[in-house]
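1. Below is the sequence, then the predicted model.
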Amino acid sequence: MSETDKRAPVLWWVRRDLRLSDNAALVAVCASGAPVIPVFICDDLHDGLGAAPKWRFGLGIAALQARLREMGSELILRRGPALEALRTLIAETGARAVHWSRAYDPDQVARDTGVKSGLKADGIEAQSHAGHLLIEPWTVETGTGGFYKVYTPFWKSVRTREMPAPLPQPAAIPAPTAWPASDPLEDWALGAAMNRGAAIVEPHLAVGEDAAQARLEAFIAQRVAAYDTDRDIPGVPGTSRLSENLTYGEISPATCWAAGRRAMEEGKAGAETFLKELVWREFAYHLLWHTPRLLDSNWREEWDDFPWREDNADAEAWRQGRTGIRFVDAAMREMYVTGTMHNRGRMIVASYLTKHLMTHWRVGQAWFDDCLVDWDPAANAMGWQWAAGSGPDAAPYFRIFNPDTQLDKFDRDQSYQRRFIAEGQGSPGDTALSYFEAIPRAWGLSPDQPYPSPIVSLEAGRKRALEAYQARRAAA
């Protein structure tokens, strides 16, 4: 590289990698010897996010801005089509290269392919790097050369693989002599659609790289040993809650894997199960890469003629957490109060909507897209199709969770339901009451109202679902 090229800046295009440690794209731009200009672009794909993930993304961007400023750097914010915004910055700064971390869902892949092609046509170096996943989806194959469609064989094929060691944070980020103009983050109004819910959810978040690292350390030190059992009990803090931070790249999967491996080698009983959960996320992206229809179509095409209902009044009661089924309602209310939902709750509410209420999984998927701060396109789609029976490695359709027996088994002391359902309690707690502060006023709900009766009995809902399943099998 000539001295002139070394003086020309390099753009680090920040996306879902809001961290400085274990960031291959950042390491590459810092190693170039050139000044580094970090940039985040709010394009149509970002603007298309649901209310909760878009708002949470904004909090993560602000946290990264603060970290970069501590290091004498900046995060330049621009809005518009990605290629157009990058070309404008290149013209303003004389930058000769752009680096970024890869994405794997079809819309982002299409965008990034166009960006790379356009920049290279302009004579600009354009390079993407790994970092959002442990394993690039195209590097895992079955013995016959295809992709995996079942999780357990996928896990067995990768569990002994040498995973990438986390990269250290660069000691310094070389700054340009002058910074280009940047949009004020507040002008983007990324939290506008959250309305009053933002104030309720925010205290439950752990925003930024430092908070993510602290969350991992606390989990490994205090909870991973009992993770095998405690992760199924929604009333206790038994999970890592790292899905929020992995979603925005505030911590890398390699960092989480390395910590889990150390815990396993130290004999902590639940560590291997934690590693399996990390690989479940990898499996979701493996499937998404090879079969992009996972996002919006029945993965098993034979389910296309199944008589699911589209949106309906029962689904609205489900959205409101007013089905009269306590496990379903507690889990839905947990999402409105905390921005996330316990994994067992996600299974229960998805099974109930798609089976007891015979409502299409896309209705639930779209609602989670809007409401979860840890929304992930691959994990959300695979989770919904798993519960509905239409997806890869899915729960059999005839396996219909009974929310009442599940609640009796996993919430024996009723702490979870008391935490989120206020109706009927003499002195409901803050989280139960917060639900009424977080939800849309248009729902017209208050804790003084009686708790609803079930909109459909569990027995009748199960019978209806099984009859539909059996009729489908007979027709096939």
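-> Received it, and whenever you're ready, just let me know what you need.
2. where exactly do the helices run in the stretch 51-200 of the chain?
-> Remark: helices assigned in the stretch 51-200 of the chain by DSSP state H, counting those that start in this stretch are 51-70, 82-93, 106-121, 151-158, 197-201.
3. Now the ones you listed in JSON lines, please, with extra columns for distance to Ala225, mean neighbour count and mean pLDDT.
-> Heads up, the C-betas are built off the backbone N, CA and C, glycines and all. Below are the helices of the stretch 51-200 of the chain laid out as JSON lines (distance: least, Cβ to Cβ, whole Å; neighbours: other Cβ atoms under 10 Å; pLDDT from 0 to 100):
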{"stretch": "helix 51-70", "distance to Ala225": "30", "mean neighbour count": "20", "mean pLDDT": "98"}
{"stretch": "helix 82-93", "distance to Ala225": "44", "mean neighbour count": "18", "mean pLDDT": "98"}
{"stretch": "helix 106-121", "distance to Ala225": "37", "mean neighbour count": "15", "mean pLDDT": "98"}
{"stretch": "helix 151-158", "distance to Ala225": "21", "mean neighbour count": "16", "mean pLDDT": "96"}
{"stretch": "helix 197-201", "distance to Ala225": "30", "mean neighbour count": "19", "mean pLDDT": "97"}
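4. Counting neighbours, what do you get for the closest residue to Asp411 other than its chain neighbours?
-> By the measure of Cβ to Cβ, 6 or more residues apart in numbering, the closest residue to Asp411 outside its immediate chain neighbours is Gly235, 5.4 Å from it. When neighbours are counted by other Cβ atoms under 10 Å, Gly235 registers 18.
5. now swap in the one 3 residues further on and tell me
-> Taking other Cβ under 10 Å as the criterion, the count of residues near Gly238 is 20.
6. Strands of the stretch 351-476 of the chain, start to end?
-> Secondary structure of the stretch 351-476 of the chain, counting by DSSP state E, counting those that start in this stretch: no strands present.
7. Sketch out the low-pLDDT regions of it for me.
-> Within the stretch 351-476 of the chain, the stretches with pLDDT under 70 are 394-395, 397, 476.
8. Now do the contacts for the residue sitting nearest the centre point of the chain.
-> With distances taken as Cα atoms, centre = their mean, Asp376 lies nearest the centre of the chain, 2.8 Å away. Each residue near Asp376 by Cβ atoms under 8 Å, 6 or more residues apart in numbering is listed here: 243, 246-247, 281, 284.
9. With His356 instead?
-> Neighbouring residues of His356 by Cβ under 8 Å, 6+ apart: 400, 456, 458, 461-462, 464-465.
10. Identify the farthest-apart pair in those residues.
-> Ile400 and Val456 (12.6 Å; Cβ to Cβ).
11. So if I had to pick from the two, which one is more boxed in?
-> Ile400 (21 against 18).
12. The more buried one and His46, how far apart?
-> The gap separating Ile400 from His46 is 38 Å, by Cβ to Cβ, to the nearest Å.
13. how many other residues sit next to Ala212?
-> Number of residues near Ala212 (other Cβ under 10 Å) recorded here: 28.
14. Please tell me how far it sits from Leu242.
-> 7 Å.
15. Name the residues contacting each of these two.
-> In the contact map built from Cβ under 8 Å, 6+ apart, the residues linked to both Ala212 and Leu242 are Ile251.
16. Who are the contact partners of Gly94?
-> Contacts for Gly94 (Cβ under 8 Å, 6+ apart) come out as 8-9.
17. what's the spacing between it and Ser182?
-> Noted for Gly94: a distance of 17 Å to Ser182, by Cβ to Cβ.
18. same thing with Trp367?
-> Plainly put, Trp367 is 34 Å away from Ser182 if you go by Cβ to Cβ.
19. Looking at the two, which has the bigger crowd around it?
-> Trp367 (19 against 14).
20. contacting residues around that one?
-> Arg319.
21. so what's Pro166 closest to, chain neighbours aside?
-> Sequence neighbours aside, Asp22 is the residue nearest to Pro166 in space, at 3.9 Å (criterion: Cβ to Cβ, 6+ apart).
22. Any stretches of the stretch 101-250 of the chain with poor pLDDT?
-> Counting by pLDDT under 70, not a single residue of the stretch 101-250 of the chain qualifies.
23. Tell me the spacing between Ser101 and Ala193.
-> 26 Å.
24. Show me which of the two is the more surrounded one.
-> Shown here are Ser101 and Ala193; by other Cβ under 10 Å, Ser101 has more neighbours (23 against 15).
25. who are the neighbours in contact with the more buried one?
-> Neighbouring residues of Ser101 by Cβ under 8 Å, 6+ apart: 15-17, 23-25, 128-132, 249.
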